[in-house]
Structures are given as structure tokens and as C-alpha cells.
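**Q** got a structure for you, letters missing:
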């Protein structure tokens with residue numbers, strides 16, 4: 001559509017005169033006509049936001065102010081006379097954001113859903129709506145299985161077998177202390193492979209993220225497991241995958257003081273990762289997707305590592321957890337058998353043939 005500068009200028013002037021005289025209806029009519037001619041007219045969008053704000057129509061004012069600010073963010077020219085209006089728009093949006101959140105929480109409270117009792121997905125949806133949370137999706141680096149719920153964390157109550165494992169934490173801590181007493185340095189968790197490109201990981205070959213394996217690539221590390229029989233017994237209750245040359249996988253994961261595991265994605269979305277805290281200093285936490293949770297003494301933490309995740313130990317003490325993987329509960333027995341075949345075929349493909 002061809003623009004008509006004289007017409008837009010006349011309509012804009014008419015709207016400004018009407019606003020100064022308190023005639024919002026005339027101002028709105030002029031601005032609506034102008035925005036039909038030029039729907040991206042920055043001054044008109046700001047003035048229409050003013051009109052709607054004066055009418056206490058927060059939603060309409062929000063839409064016009066956001067449209068104006070979005071134009072500026074993509075490079076629209078801003079003249080000096082518009083700068084005050086843009087600042088006013090930003091201030092209004094901040095205030096309206098708070099008013100809407102307060103209104104929403106009142107409505108939830110009226111239904112009996114006090115903030116502490118609101119279901120986790122509802123709280124997360126509110127955080128997304130209010131812009132406090134980013135949307136993350138599963139992005140496994142090796143294998144994606146369709147149809148899995150997009151959930152960063154799972155709750156302990158969903159896994160009845162965890163109660164017995166958590167009850168065994170004091171025994172596991174006792175065995176860990178014996179291991180620490182004879183281990184000056186743990187093996188780096190991230191290591192290079194001679195037949196593969198070296199991982200682009202800041203903690204490559206760095207024992208600050210250390211490992212003490214009980215099971216690795218489906219093989220029991222007996223020189224370690226023999227020292228921790230109660231830990232091995234506790235692991236028997238977990239629904240761990242059994243996949244040749246891949247699973248089970250279980251280890252002490254050690255984070256030395258001041259260590260940060262950078263954001264990354266796990267290989268698969270067919271599993272969940274379980275953390276059992278054994279040595280837990282303060283100021284340690286795990287972020288998975290848009291949610292951050294600290295480890296808590298005596299309580300397992302279960303998450304989907306195919307989401308972007310990171311962890312840190314900002315204390316001056318060592319943190320140690322028992323880490324292992326389990327099948328996702330949504331995957332049926334038949335699917336698990338098929339997936340086991342797929343993963344074993346991946347391992348077997350192009351292996352040297354023994355003669």
C-alpha cells in the first residue's frame with residue numbers, strides 16, 4: 001500500500017490535539033485511520049498505547065506499546081520527540097506485568113490453589129507466561145525417541161523403589177568415606193577416545209569432575225565395586241537398562257570445589273539420570289532446562305539429561321553423588337526390548353570382525 005505522508009501527518013496532528021484536549025474518542029478514531037494507512041507508524045502506535053492506558057485497558061495498551069518497542073528493536077528510526085514516549089511505554093509494560101501477575105495469583109488463591117500448593121506444571125506455565133522462564137526441549141546428541149514428555153525433572157514420589165535406596169544412604173556414605181580415604185584423585189569424567197575427535201569440553205581430562213565407576217559401558221568395574229557391596233545392593237532395585245557395551249552405568253560423580261560443568265545435552269531421551277547425594281556442601285545446584293534445583297540431603301534428584309543442563313559446586317568442599325541411569329517410566333517393556341536391539345546394533349555396526 002502506498003503511504004500518504006500528508007494524510008498521516010494530518011491524522012497524527014489531529015490525534016495529538018484531541019489528546020491534549022482530553023478527547024480520547026476523537027484521538028482514537030484518527031489513530032485507527034492512520035494505522036490502516038501505515039500499520040507500523042511508530043508515533044501512532046505509542047499514542048494508541050496512551051489512549052488505551054488512559055482507558056485502563058491494559059491488554060490493548062500492552063499490545064500497542066509492545067508493537068512500538070518491537071519496531072525499535074529491529075531498527076526503526078527514533079526521533080528525539082519519541083524517546084520520552086518509548087520510556088513511558090517501557091514503564092507501563094513493567095507496571096502492567098506486575099498488575100496482571102497479582103490479578104492472576106488472586107484468581108488462583110480464590111480457587112484454593114495457594115502458591116505453595118499449586119501443581120509444578122501450573123507454576124511453570126505461569127513462569128512462562130510471565131517471561132521468567134524460557135522454553136526448552138529435549139535435544140539428545142545421539143538418539144531421539146519421539147513421544148516422550150517434555151519434563152526436565154521427575155519427582156521422587158513417582159518411583160517407589162527410591163525409598164529403599166534413600167534409606168541406604170548412610171551405608172553408602174560409609175563406603176564412600178572408605179574409598180576417599182585411599183583415593184587421592186579421581187579419574188576425569190570427560191576423557192578423549194583414541195578413535196574419536198576429542199570432546200569440546202572445558203573439563204576434558206580434568207579430575208575436578210571426577211568419576212569412580214561401579215558399572216561402565218555395561219561392564220562391572222569389580223576393583224571398585226568389591227569395596228562397596230551395600231551401594232551395589234542398593235543399585236539392584238533400580239530399573240537400569242541392560243544393553244551390551246552401553247549399560248548399566250553407575251558411578252560416584254565428584255565435583256571438586258569451584259567446579260562448573262558447562263551447559264550441555266545428554267546422548268539419549270530414553271533414559272533418566274538419578275543423583276543420590278552422598279557428600280553435599282552448600283551452594284551446589286543443577287539446572288535442567290528452565291529449572292534449577294539444589295541437591296538435598298537424603299533425597300534423590302531425577303532428571304532428563306537430554307535437556308540442556310549444567311551443574312556447579314561454588315563451595316570450598318568436594319561434592320559427591322551416586323549417579324546412575326534408569327529407563328524412562330513411559331517406555332513399555334516391548335519398546336525397551338526394541339530400543340535395546342537398536343542401541344546394540346549401533347555399537348556392533350562396523351566393528352572389526354574377529355577371525
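**A** Here it is on my side, so go on. Small disclaimer: the values here were computed from a predicted structure and weren't measured. Numbers count the residues shown, from 1 in each chain.

**Q** can you list contacts of the one helix or strand residue 180 maps to?
**A** Using DSSP states H and E, residue 180 maps to helix 169-181. Contact with helix 169-181 is made by 212, 224, 227-231, 234, 252, 276-279, 298, 320, 322, as judged by CB atoms under 8 Å, 6 or more residues apart in numbering. Where you see a C-beta, it was placed from the backbone N, CA and C, and this is true even at glycine.

**Q** which SS class is residue 329?
**A** Under DSSP: H, G, I helix; E, B strand; the rest coil, residue 329 falls in the coil class.

**Q** Got the confidence number for it?
**A** Among the per-residue scores, residue 329 shows a pLDDT of 96.

**Q** Could you do residue 195 as well?
**A** The per-residue pLDDT reported for residue 195 equals 68.

**Q** which helices and strands sit right next to whichever helix or strand comes after the helix holding residue 180?
**A** Using DSSP H and E, the helix or strand that directly follows helix 169-181 along the chain is strand 187-188. Strand 187-188 is packed against strand 209-216, with contacts defined by 3 or more CB pairs under 8 Å, 6 or more residues apart in numbering; DSSP states H and E.

**Q** next structured bit after the strand it packs on?
**A** Next along from strand 209-216, by DSSP H and E: strand 219-220.

**Q** List the buried residues for the next helix or strand after that following strand?
**A** As assigned by DSSP H and E, the chain's next helix or strand after strand 219-220 is helix 222-225. Neighbour counts over helix 222-225 (16 or more other CB atoms under 10 Å) mark 224-225 as buried.

**Q** Tell me which stretches of the chain form strands.
**A** Assigned by DSSP state E, the chain shows strands spanning 153-154, 187-188, 209-216, 219-220, 250-255, 260-264, 271-279, 284-288, 291-294, 301-303, 309-313, 319-327.

**Q** what would these look like in JSON lines with distance to residue 344?
**A** Formatted as JSON lines, the strands of the chain follow (distance: least, CB to CB, whole Å):
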{"stretch": "strand 153-154", "distance to residue 344": "26"}
{"stretch": "strand 187-188", "distance to residue 344": "26"}
{"stretch": "strand 209-216", "distance to residue 344": "16"}
{"stretch": "strand 219-220", "distance to residue 344": "14"}
{"stretch": "strand 250-255", "distance to residue 344": "19"}
{"stretch": "strand 260-264", "distance to residue 344": "25"}
{"stretch": "strand 271-279", "distance to residue 344": "15"}
{"stretch": "strand 284-288", "distance to residue 344": "28"}
{"stretch": "strand 291-294", "distance to residue 344": "33"}
{"stretch": "strand 301-303", "distance to residue 344": "25"}
{"stretch": "strand 309-313", "distance to residue 344": "27"}
{"stretch": "strand 319-327", "distance to residue 344": "15"}
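
**Q** can you list those in TSV and add distance to residue 160 and mean neighbour count?
**A** Converted to TSV, these look like this (distance: least, CB to CB, whole Å; neighbours: other CB atoms under 10 Å):
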stretch	distance to residue 160	mean neighbour count
strand 153-154	13	18
strand 187-188	33	16
strand 209-216	23	20
strand 219-220	26	14
strand 250-255	20	24
strand 260-264	30	14
strand 271-279	14	22
strand 284-288	23	19
strand 291-294	21	15
strand 301-303	13	20
strand 309-313	25	20
strand 319-327	13	23
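
**Q** of those, which approaches residue 346 most closely?
**A** Within the strands of the chain, the stretch nearest residue 346 is strand 271-279; the backing value is 14.7 Å (CB to CB).

**Q** Quickly note the distance from the nearest residue to residue 7 once chain neighbours are set aside to residue 18.
**A** Closest residue to residue 7 apart from its sequence neighbours, by CB to CB, 6 or more residues apart in numbering: residue 37 at 6.3 Å. Per CB to CB, to the nearest Å, residue 37 is found 18 Å from residue 18.

**Q** Look at those two and report which has more neighbours.
**A** Counted by other CB atoms under 10 Å, residue 37 and residue 18 do not tie: residue 18 has more neighbours, with 20 against 16.

**Q** Quick one: residues contacting the closest residue to residue 46 other than its chain neighbours.
**A** Using CB to CB, 6+ apart and skipping residues adjacent in sequence, the residue nearest residue 46 is residue 85, 4.2 Å away. Residue 85 makes contact with 43, 46-47, 50, 68, according to CB under 8 Å, 6+ apart.

**Q** do residue 266 as well
**A** Residue 266 sits next to 140-141, 273, 304-306, 309 when contact means CB under 8 Å, 6+ apart.

**Q** now, the most widely separated pair of the residues you listed?
**A** 141 and 273 (14.2 Å).

**Q** shaky segments in the stretch 151-300 of the chain?
**A** For the stretch 151-300 of the chain, residues meeting the criterion pLDDT under 70 lie at 195.

**Q** circling back to that earlier point, for the contacts of helix 169-181, work out which two are farthest apart.
**A** So, these by CB to CB: farthest apart are 224 and 298, at 23.8 Å.

**Q** hmm, back to that, ok, so of the contacts of residue 85, who is nearest residue 262?
**A** Residue 262 has its nearest neighbour among the contacts of residue 85 in residue 68, at 37.8 Å by CB to CB.

**Q** Leaving out chain neighbours, which residue sits closest to that closest one?
**A** Using CB to CB, 6+ apart, the nearest residue to residue 68 is residue 45, at 4.0 Å.

**Q** so what's that neighbour up against?
**A** 35, 64-65, 67-68, 71.

**Q** again, 6 Å this time
**A** Residue 45 makes contact with 64, 67-68, according to CB atoms under 6 Å, 6 or more residues apart in numbering.

**Q** and which of these is nearest to residue 339?
**A** residue 67 (47.7 Å).
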